[in-house]
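*Asks:* Got a predicted structure plus its sequence, pasted below:
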Amino acid sequence: MPSRVSDAIKPHRHVLDFTSLKELPESHAWSSLDSPSSNNPPTAADSSVSESVPVIDLDDPKAQELVGRACKTWGAFQVKNHGIETSLLDRIESTGKSLFSLPTHQKLKAARAVDGVSGYGVARISSFFSKLMWSEGFTILGSPVEHARQLWPHDYNHFWYVYTYVPPILMHVQYDKEMHKLAGRLMGLMLGSLGIAQEDVDWAGPNKEGAAAIQLNSYPACPDPDRAMGLAAHTDSTLLTILYQNNTSGLQVLRDASGWVTVPPVPGALVVNIGDLLHILSNGSYPSVLHRAVVNRTQQRLSVAYLYGPPSNVKISPLSKLLDPTHPPLYRPVTWTEYLGAKAKHFNEALSSVRLCIARTGLVN
Ligand SMILES: O=C(O)CCC(=O)C(=O)O
Ligand SMILES: [Fe+2]
């Protein structure tokens, strides 16, 4: 992820010692007045929707078609038979758990720097809201070894082994490497479903240079979940995000007709979200999905987001094969860095900020 992502990250502030709180502090109590309606706290009606995002078996011969349909209609789906070993997901989860269960003063030793990207802190989108979110996060960009040394001065190796160099004898699967491969495979399916060969997009593919960051999120059990917000509604500034969630639900996606729909944890499955850059690349046919995380009274929830984007020098623009006189480009070319700058400034209006005004009949801005 480019360094200008720091533009989107304000100094970490108000990190709470969640475990000591028996009541929701005013600073974390959301009401409809605090945010746009898409961020109203969860209601009973939200959970009454029976339909949820499709679960796609990547071994299914029809996987490409199913992925295309899910991208168009939901902007999100879950995948099974994705090739990521359960043991690796278990290890990431337990590493996250041990990180977030450290005392606050210890976690703050690895706090995200004011102008930095990596490290511990509140949700990066917090600066756009007057209320704080009931969550804490840890962002990994590049090697986390310095932060791991600060967090676990006597035992930083276990973190190092999961994220960076892993001696093949100890563990031949590596989170970043495996997720990168999966992201490339998913890009192939998504492009294929748009009628584009992966080879036609020179930076896309399992062995290509896509960039990524890893975001660990923890949502502690909350004394007043109906008035709290784990992570406010947003779209991801990625091409796609691969999300591992532990066995506790909380992720919701916005479906126009049904409102907020819960994405239940499916054992062994990973959630895939379409990000804004894929929205641009597909010239709007694959919408980036608005999503949020809600919290609950009894269980800590953990998620690990693999934020996948293009190499930093690549300009993302609507794919030329999708364009013709009746389908002109809807977005101007942007690099990931430029887009993160737009997100930092405009947040959920960032896509509109790079949209082209097309004065043609039938095409409105
Ligand atoms: O925890 C979740 O389910 C969502 C996390 C998320 O949306 C993110 O990290 O961007
Ligand atoms: Fe997200």
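*Replies:* Noted; the coordinates are in hand. Ligands and ions are numbered 1, 2, ... in the order given.
*Asks:* What parts of this protein come near ligand 1?
*Replies:* Counting by CB under 6 Å from any ligand atom, the residues of the chain lying close to ligand 1 are 215, 217, 231, 236, 243, 245, 250-251, 291, 293, 303, 305. Heads up, the C-betas are built off the backbone N, CA and C, glycines and all.
*Asks:* Show me which of those residues has the smallest pLDDT value.
*Replies:* In terms of pLDDT, the lowest of those is Q215, showing 93.
*Asks:* That one contacts Y308, correct?
*Replies:* No - counting by CB atoms under 8 Å, Q215 does not reach Y308; the two are 11.4 Å apart.
*Asks:* neighbour-wise, which of the two wins?
*Replies:* Comparing Q215 with Y308 by other CB atoms under 10 Å, the one with more neighbours is Y308, at 27 against 20.
*Asks:* The strand or helix carrying that one: partners in the sheet, and parallel or antiparallel?
*Replies:* Y308 is located in strand 301-309, with elements delineated by DSSP states H and E. Strand pairing for strand 301-309, determined by DSSP bridges: strand 211-219 (antiparallel), strand 240-245 (antiparallel).
*Asks:* out of the ones you listed, deepest packed?
*Replies:* For these, the largest average neighbour count (mean count of other CB atoms under 10 Å) is found in strand 240-245, namely a mean of 24.
*Asks:* What are the buried residues along stretch 66-86?
*Replies:* 66-68, 70-71, 74-79, 82, 84 (16 or more other CB atoms under 10 Å).
*Asks:* gap between the closest residue to W203 other than its chain neighbours and V354?
*Replies:* Of all residues not flanking W203 in the chain, V314 sits nearest, at 4.9 Å (CB to CB, 6 or more residues apart in numbering). Distance, V314 to V354, by CB to CB, to the nearest Å: 15 Å.
*Asks:* Likewise for A111?
*Replies:* Distance, A111 to V354, using CB to CB: 32 Å.
*Asks:* Ok, K345 next?
*Replies:* The value you get for K345 to V354, if CB to CB is used, is 11 Å.
*Asks:* Mind checking which of those two has more residues around it?
*Replies:* The residue with more neighbours, out of K345 and V354, is V354; 19 against 12, by other CB under 10 Å.
*Asks:* How about the contacts made by that one?
*Replies:* 280, 331-332, 334, 339, 342 (CB atoms under 8 Å, 6 or more residues apart in numbering).
*Asks:* Of the residues you listed, keep whichever come out buried.
*Replies:* 280, 331, 334, 339, 342.
*Asks:* of the residues you listed, closest to ligand 1?
*Replies:* Y339 (15.0 Å; CB to the nearest ligand atom).
*Asks:* Are we agreed that that closest one is in a helix?
*Replies:* Yes - judged by DSSP: H, G, I helix; E, B strand; the rest coil, Y339 forms part of a helix.
*Asks:* Farthest pair within the residues of the chain next to ligand 1?
*Replies:* Using CB to CB, the residues of the chain next to ligand 1 span at most 16.2 Å, a distance reached by D236 and G250.
*Asks:* Nearest spatial neighbour of E65, chain-adjacent residues omitted?
*Replies:* S193 (6.6 Å).
*Asks:* Run a quick neighbour tally on the one you found.
*Replies:* With other CB under 10 Å as criterion, S193 counts 21.
*Asks:* my guess is it contacts Q64, does it?
*Replies:* Yes - if you go by CB under 8 Å, S193 and Q64 touch, sitting 5.1 Å apart.
*Asks:* Over to Q78: give its phi and psi.
*Replies:* Main-chain dihedrals, Q78, degrees, to the nearest 10: phi -110, psi 150.
*Asks:* hang on, the earlier thing: show me what contacts the residue nearest to E65?
*Replies:* Counted by CB under 8 Å, 6+ apart, S193 has contacts 64-65, 67-69, 71.
*Asks:* change it to 7 Å
*Replies:* 64-65, 67-68, 71 (CB atoms under 7 Å, 6 or more residues apart in numbering).
*Asks:* Out of those residues, which is nearest to ligand 1?
*Replies:* C71 (17.2 Å).
*Asks:* mind checking how far that closest one is from A293?
*Replies:* Taking CB to CB as the criterion, C71 is separated from A293 by 21 Å.
*Asks:* Same question for L58.
*Replies:* 25 Å.
*Asks:* isn't R227 right next to S27, touching?
*Replies:* No - between R227 and S27 there is no contact under CB atoms under 7 Å: 11.8 Å.
*Asks:* which one of the two has more residues nearby?
*Replies:* Taking neighbours as other CB under 10 Å, R227 and S27 compare with R227 leading, 16 against 10.
*Asks:* And that one, its phi and psi?
*Replies:* phi -110, psi 0.
*Asks:* The buried ones among the contacts of V354 into CSV, with extra columns for pLDDT and secondary structure?
*Replies:* Shown next, in CSV, are the buried ones among the contacts of V354 (pLDDT from 0 to 100; DSSP: H, G, I helix; E, B strand; the rest coil):
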residue, pLDDT, secondary structure
I280, 98, helix
Y331, 98, strand
V334, 97, strand
Y339, 96, helix
A342, 94, helix
